[in-house]
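In: with the input below, show me the fold.
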Amino acid sequence: MASIQFITTPTGDRMVVMPEDEYRALTEAAQDAEDIADANRINERIAKGQEELIPAEFVNRIIDGESKVKVWREFRAMSAGELAEKAEISAAILLQIENGERDVSFETIKKIAAALKISVDDLA
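Out: Prediction:
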């Protein structure tokens, strides 16, 4: 490190003065360390089964505006009938939901999310 100065303010606070390049390098290193820690936490959650990886194919379908219920159902390799049965709704209602032809109550969304083993937020 180049020239670093320590300054004590009139109130007793101790301050450090350093070249800007060194300051930027320190902040980048701190950010890198934080990113690595975040990645390690996610990897631990994945290893424990607390997080799930979803292939880009399915994510892109959701981003493109396809029905989240349908995409998640297909990701789970479930038929419409299977999901409807697990969610305790009719297959006709499920298909209307998937096609955007029916408004969905929060209670129904909760049942569908539970049947798909995802959070309600994943369907929001």
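
In: what's the average pLDDT for the longest helix seen in the chain?
Out: Scanning the chain for the longest helix, with DSSP state H as the assignment, gives helix 20-47. Helix 20-47 shows a mean pLDDT of 96.

In: which other residues reach the next helix or strand after that helix?
Out: Using DSSP states H and E, the helix or strand that follows helix 20-47 towards the C-terminus is helix 56-63. Helix 56-63 has contacts (C-beta atoms under 8 Å, 6 or more residues apart in numbering) with 68, 71, 72, 74, 75. For glycine as for every other residue, the C-beta is placed from the backbone atoms N, C-alpha and C.

In: buried stuff in helix 56-63?
Out: 61, 62 (16 or more other C-beta atoms under 10 Å).

In: and the next helix or strand along the chain from it, what does it pack against?
Out: Once the chain leaves helix 56-63, the next helix or strand it forms, by DSSP H and E, is helix 68-75. When contacts are defined as 3 or more C-beta pairs under 8 Å, 6 or more residues apart in numbering; DSSP states H and E, helix 68-75 packs onto helix 56-63, helix 80-87, helix 91-98, helix 106-116.

In: those into CSV, with extra columns for distance to residue 123 and mean pLDDT?
Out: CSV is the format used below for those (distance: least, C-beta to C-beta, whole Å; pLDDT from 0 to 100):
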stretch, distance to residue 123, mean pLDDT
helix 56-63, 10, 97
helix 80-87, 11, 97
helix 91-98, 10, 96
helix 106-116, 6, 97
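
In: TSV for those, including distance to residue 17?
Out: Output for the helices and strands packed on helix 68-75, formatted as TSV (distance: least, C-beta to C-beta, whole Å):
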stretch	distance to residue 17
helix 56-63	47
helix 80-87	63
helix 91-98	62
helix 106-116	54
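
In: right, I'll call it a day here.
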